[in-house]
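>>> predicted coordinates and the sequence they were generated for:
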Amino acid sequence: MRRTFSVFALMCCLLMAVPVFGMASAPRGEQVFVTNTPRPATDKPINFVTNTPNGPTPTPSATYTPSLTPSATYTPTPTYTPTLTPSATYTPTNTPSPTPTPSPTPTPNGPFIYPDGVNSLTGLPYPNEEARNRRNLIVKISNYPPVVRPQTGINLADVVFEMEAEGGVTRFAAIFRTNAPTVVGSVRSARLADIHLIRMYNALLAYSGTSEPIQNLILTSDFVFRTFSPLKGDNCDNAGFCRDESLDVDFEHTLFLNTQTLYDLATRREVNTPLRARGFAFSENPDANGTPAVDIFHDWWGQADVRWQYVPETGRYVRFNDGYAHFDKGDGEQIWADNLVYLEVEHRRRPDLFPPNANYESIEINFGLVPETTDPAQGRAFVFRDGQFYTGFWRRQDENDGSAIQLIYGGSPVPIMLKPGRTWVTTVRGLGSVVVSDQYTDMAELGRILALTATPTIDPATTTGD
């Protein structure tokens, strides 16, 4: 998309948005939500004094008693000696002090162990037995062209991954467990990164279609029966993939999913197993080392941009796409999240999947192994919660099913604590493109300026695939 104005020029006019990289703090305006955690006092050592006698008690020498020769013998009158009946001897009873009952050690809320009945995607209890007993479900949702907005059902997802598709546009992989909405979409095609996600989150995958090489990878995988698509013959009646032909959009934007129907099919296929994904750690209290940040902006190659702003009244972040408030058609609310996570991930070109001299290729967003090694992938990460900003790293412990993204501080595996709730994960090629500020951009004024500009367009030559 080419625009007649510079996004960054607008930002300079509207806000002094200060990039924050590494552990450096952004210049601060008014600071909010500073958390002070008291340090425990250091106990002093106790000295025990032992009183030891100076030495043995002296033994007295023998005393000489002279022998006396008595005169007349004296016979004494018997003396009455009373018999004493001793009183009862009191033997004190040692009543032991009650042994204090130790408080049970609370079960950690991630990254590897979660309390019983808690959803590992959100850190919150499952709302009902149906949610507890179904599997994580990934649904691929379109975010381009703008005519597909507002999408439906995004605010009901527990976790959303936003990833680059191609040509500077993004696509969503929305993961559902808490809710099973009857309408989600519009549903679009799978990408290479979804092969990583389905393993990481022990998930089912619903998608409209994909390129032939990626479809072959899916059909020959060990998780093939956990994937659902009209490309595989799954339809409206048996799987919930239905067309809304009342929409005035191109045919490829009319596919929506009833997740309840798909869950029923997964149960019949015996793949609706309620497995967890391990990785996120949660706490109601933010980590104490955060930096205030209320406005987060990212530009996708000058073709599209996304901004999130923190709303203190709700404790949530709300989303703007291309300068306009981004809504969910399902509930009519602006798209929101409790946590924002930005991951710096290797983006690999994969022309090798296609015939020689093909004029298209795929992008692999690599959550797998580091190329030419057996080491799990990892990288830098930005985390936002409660109006606070944290820097650290992401990693996968291994490539086993259910081994998902962990967020940790550098130099140790100490987890970065997320707020219990919904998380939006954005994968980027470099965190230098993420602009973080402790001041708000005036979105009403930005919208007024955008309304005076030409509608953004995109060069079709830069896009490939469905």
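Arrived safely. Numbers count the residues shown, from 1 in each chain.
>>> check which helix or strand covers Phe382.
Per DSSP states H and E, Phe382 falls inside strand 378-385.
>>> can you pull out the helices in the stretch 151-300 of the chain?
Ranges of helices in the stretch 151-300 of the chain, per DSSP state H, counting those that start in this stretch, are 192-200, 212-219, 236-239, 259-268.
>>> and the shortest one, average pLDDT?
I take that to be helix 236-239. Here helix 236-239 scores 96 as its mean pLDDT.
>>> show me what it is packed up against.
helix 259-268 (3 or more CB pairs under 8 Å, 6 or more residues apart in numbering; DSSP states H and E). C-beta: built from backbone N, CA, C; applies to glycine.
>>> cutoff 10 Å now
Under the contact criterion of 3 or more CB pairs under 10 Å, 6 or more residues apart in numbering; DSSP states H and E, helix 236-239 touches strand 255-257, helix 259-268.
>>> what's the most buried one of those?
Each of the helices and strands packed on helix 236-239 was scored by mean neighbour count; the highest is strand 255-257, a mean of 25, by mean count of other CB atoms under 10 Å.
>>> now do the contacts for the nearest residue to Gly379 once chain neighbours are set aside.
Leaving aside its sequence neighbours, Gly379 sits nearest to Glu344 (CB to CB, 6 or more residues apart in numbering; 4.4 Å). For Glu344, the contact set (CB atoms under 10 Å, 6 or more residues apart in numbering) comprises 378-382, 393-394, 427-434.
>>> returning to what we had before: would CSV of the helices of the stretch 151-300 of the chain with distance to Val169 be doable?
Listed next are the helices of the stretch 151-300 of the chain as CSV, based on distance: least, CB to CB, whole Å:
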stretch, distance to Val169
helix 192-200, 14
helix 212-219, 18
helix 236-239, 27
helix 259-268, 25
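>>> those helices: lowest mean pLDDT?
Among the helices of the stretch 151-300 of the chain, helix 212-219 carries the lowest mean pLDDT, a mean of 90.
>>> thinking again about what came up before, of the contacts of Glu344, keep whichever come out buried.
Buried by 16 or more other CB atoms under 10 Å: 378-382, 393-394, 427-428, 431, 434, out of those.
>>> and the residues you listed, which is closest to Glu162?
Ranked by distance to Glu162 (CB to CB), those are led by Thr427 at 7.3 Å.
>>> nearest to Arg177, out of the helices and strands packed on helix 236-239?
helix 259-268 (10.3 Å).
>>> for the closest one, output the C-alpha coordinates as PDB.
C-alpha atoms of helix 259-268 as PDB (Å, rounded to 0.1, in the frame of the first residue of the first chain):
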ATOM      1  CA  THR A 259     -16.500 -23.800  15.900                       C
ATOM      2  CA  GLN A 260     -19.100 -25.900  17.700                       C
ATOM      3  CA  THR A 261     -19.800 -27.900  14.600                       C
ATOM      4  CA  LEU A 262     -16.100 -28.400  14.000                       C
ATOM      5  CA  TYR A 263     -15.600 -29.600  17.600                       C
ATOM      6  CA  ASP A 264     -18.400 -32.200  17.100                       C
ATOM      7  CA  LEU A 265     -16.500 -33.500  14.000                       C
ATOM      8  CA  ALA A 266     -13.200 -33.500  16.000                       C
ATOM      9  CA  THR A 267     -15.000 -35.600  18.600                       C
ATOM     10  CA  ARG A 268     -16.200 -38.100  16.000                       C
END
